[in-house]
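>>> With the sequence up front, the predicted model follows.
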Amino acid sequence: MTAGATRQAARLLSFISAQYGNRIISGQQESTWIDGPDYEMNYIHEHTGRYPAIRGLDICDEPGATDRAIAWWQAGGIPMFGYHMGAPTFSDDYDGSKQTVSIDKVLTAGTAENISFLERLDRAAAQLHKLRNAGTAAIWRPFHEAGGAWFWWSKEGGAQYRRLWRFTFDYMTKTKGVDNAVWLCGFNGEPAASASFYPGKHYADLAGADTYAGDGNYDPLKAMYDATAGVVGSAVPVALHENGPIPDPDQLQQADAHWVLFNTWNVEHLTVSNSVDHLAKVYHHDYVITRDEVPDLN
């Protein structure tokens, strides 16, 4: 978090940090193509009577994503923005994010790749400014699944990824003045093998890893948690920043797998990978924080 962060961002990070080792914050990624962007939120509420504390969004999903994030915050929840940024000069979407580009060119002033990259950061910063102007903070998780070979930002290895992350952090916080974001650096499912990708605590407030364990597998993912914590140390809360099946809260406590939040992916990862009975157990469990339990962070 940058020095001089907004009150809301500071309170958000303080709240998250206070849960680490004590409880887990519920989260759900929205889709926008099934039955409107509230499909997953309505599904959870219909079957549990509660809403997830965190609403996962993608900054690509404009117009509308920032408005939904503001409304979620005003209803007492926490927005979390990812960004499937297309490789600069390619389409700025999921398909573009899987293309290949030279990070040297991306970070060299005046190249076509650099101009495209800065334009995309500028648009992202403008959306985060819109949140700030509405008194909203957000978890910000760019360049997710670090260490994987499928997104452009990870294809050239850890040293190049760290350059990219640190440039982005400095540009957005110092040049663009983004001060309402809690930065989450998310590894893939093999965080120990991805240790060289970690940009350091000065550049990330939270760390994480993700995996899709298979329908109905509510394992606490203890080994992946321990591996992530081993990379980032005990002072950085560790998030399960994407998941299919939600780890069983009883097993989480028994295994000392102290994930600070989960973020169930959309559509079938919610509705097929998790039974209705399991969702009800999770969303009514004392260990799990739902939206109605988030304190006023304003």
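It's in.

>>> Does Cys233 touch Lys201 like I think?
One thing to correct before we go on: residue 233 is Gly, not Cys. Yes - using Cβ atoms under 8 Å, Gly233 is in contact with Lys201, at 7.4 Å. Using the backbone N, CA and C atoms, a C-beta is placed for each residue, glycine as well.

>>> per-residue confidence at the residue in the chain sticking out farthest from the centre?
The C-alpha centroid of the chain is most remote from Gly110, which lies 30.4 Å away (Cα atoms, centre = their mean). Turning to Gly110, the model gives it a pLDDT of 98.

>>> For it, what is the enclosing helix or strand?
For Gly110, there is no enclosing helix or strand under DSSP states H and E.

>>> now swap in the one 5 residues further on and tell me
Using DSSP H and E, Ile115 maps to helix 112-133.

>>> try Gln251
Element membership of Gln251, judged by DSSP H and E, is helix 249-255.

>>> tell me which residues in that helix are buried?
Using 16 or more other Cβ atoms under 10 Å as the test for burial, helix 249-255 gives Pro249, Leu252, Gln253, Ala255.

>>> Gly77: which of these is nearest?
Nearest to Gly77 out of the buried residues of helix 249-255 is Pro249 (Cβ to Cβ; 19.5 Å).

>>> Report the contact partners of the closest one.
Going by Cβ atoms under 8 Å, 6 or more residues apart in numbering, Pro249 touches Ile24, Lys281, Val282, His285, Tyr287, Val288.

>>> what's the most distant pair in those?
The largest separation in the contacts of Pro249, counting by Cβ to Cβ, is between Ile24 and Lys281 at 13.1 Å.

>>> Looking only at neighbour counts, state which of the two leads.
Ile24 (26 against 18; other Cβ atoms under 10 Å).

>>> how close does the more buried one sit to Pro295?
Ile24 sits 16 Å away from Pro295, going by Cβ to Cβ, to the nearest Å.

>>> now do His129
As defined by Cβ to Cβ, His129 lies at a distance of 25 Å from Pro295.

>>> what about Ile139, which SS state?
Of the three states, Ile139 takes strand under DSSP: H, G, I helix; E, B strand; the rest coil.

>>> Count the residues that sit near it.
By other Cβ under 10 Å, 28 other residues sit near Ile139.

>>> my guess is it meets Trp73, correct?
No - Ile139 is beyond contact range of Trp73, at 11.3 Å (criterion: Cβ under 8 Å).

>>> For the helix or strand hosting Cys185, the averaged confidence score.
Cys185 is part of strand 181-186 when elements are defined by DSSP H and E. Computed over strand 181-186, the mean pLDDT rounds to 98.
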